[in-house]
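Q: Here is the input, now give the coordinates:
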Amino acid sequence: MGVDISLPVYVISVAAELADMHPQTLRQYDRLGLVKPSRAPGRARRYSQRDVNTLREVQRLSQEGVSLEGIRRILELENQVAALQHRVRELSSELTQRRSGPDPSRVFAAGLAGDVVTLPRGKRPRPRSQAMVIWRGERS
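A: Numbering: from 1, shown residues only. Predicted coordinates:
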């Protein structure tokens with residue numbers, strides 16, 4: 001079992017030290033919405049390892065000359081991409097499960113009572129009543 005990087009465990013002073021920033025910078029980034037730490041009882045900020053990683057990314061982008069508004073937009077887009085990638089994995093998994101179900105080559109037909117029945121590929125339903133024989137007879 002791995003460590004949950006989204007678990008808010010760091011107080012602001014520890015998170016600032018891990019990110020190599022001043023605590024006031026973390027407060028400013030919180031106000032700007034660049035990093036959104038959890039709140040402990042008493043409204044104290046609690047940072048996760050994911051938050052610290054985001055702070056490091058903010059610092060890197062800032063050093064490269066990207067404005068804080070640009071950084072906010074980059075982080076927003078990265079979050080959208082991550083959410084979409086997660087959804088693609090979910091849908092791919094669901095598709096794989098559906099394809100590897102009981103019989104991926106199944107065929108459906110209408111039963112005598114109008115219900116849907118599953119047939120093996122290449123098989124036709126056998127007539128079990130006069131109605132089916134009449135239907136088949138009309139078709140010929």
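Q: Of all the residues in the longest helix along the chain, which ones are buried?
A: When the chain is parsed with DSSP state H, its longest helix is helix 68-99. Residues of helix 68-99 classed as buried: 71-72, 75 (neighbour count, 16 or more other C-beta atoms under 10 Å). The way it works is simple: take the backbone N, C-alpha and C, and place the C-beta from them, glycine included.
Q: And the next helix or strand past that helix?
A: Towards the C-terminus, the helix or strand next in line after helix 68-99, according to DSSP states H and E, is strand 107-110.
Q: Mind giving me the packing neighbours of that next one?
A: strand 116-119 (3 or more C-beta pairs under 8 Å, 6 or more residues apart in numbering; DSSP states H and E).
Q: Neighbouring strands - and their directions - for the strand it packs on?
A: Using DSSP bridges, the neighbouring strands of strand 116-119 in the sheet come out as strand 107-110 (antiparallel).
Q: what mean pLDDT does the strand it pairs with have?
A: Over the span of strand 107-110, the pLDDT mean works out to 73.
Q: what's near enough to touch Gly65?
A: By C-beta atoms under 8 Å, 6 or more residues apart in numbering, the contact list for Gly65 is empty.
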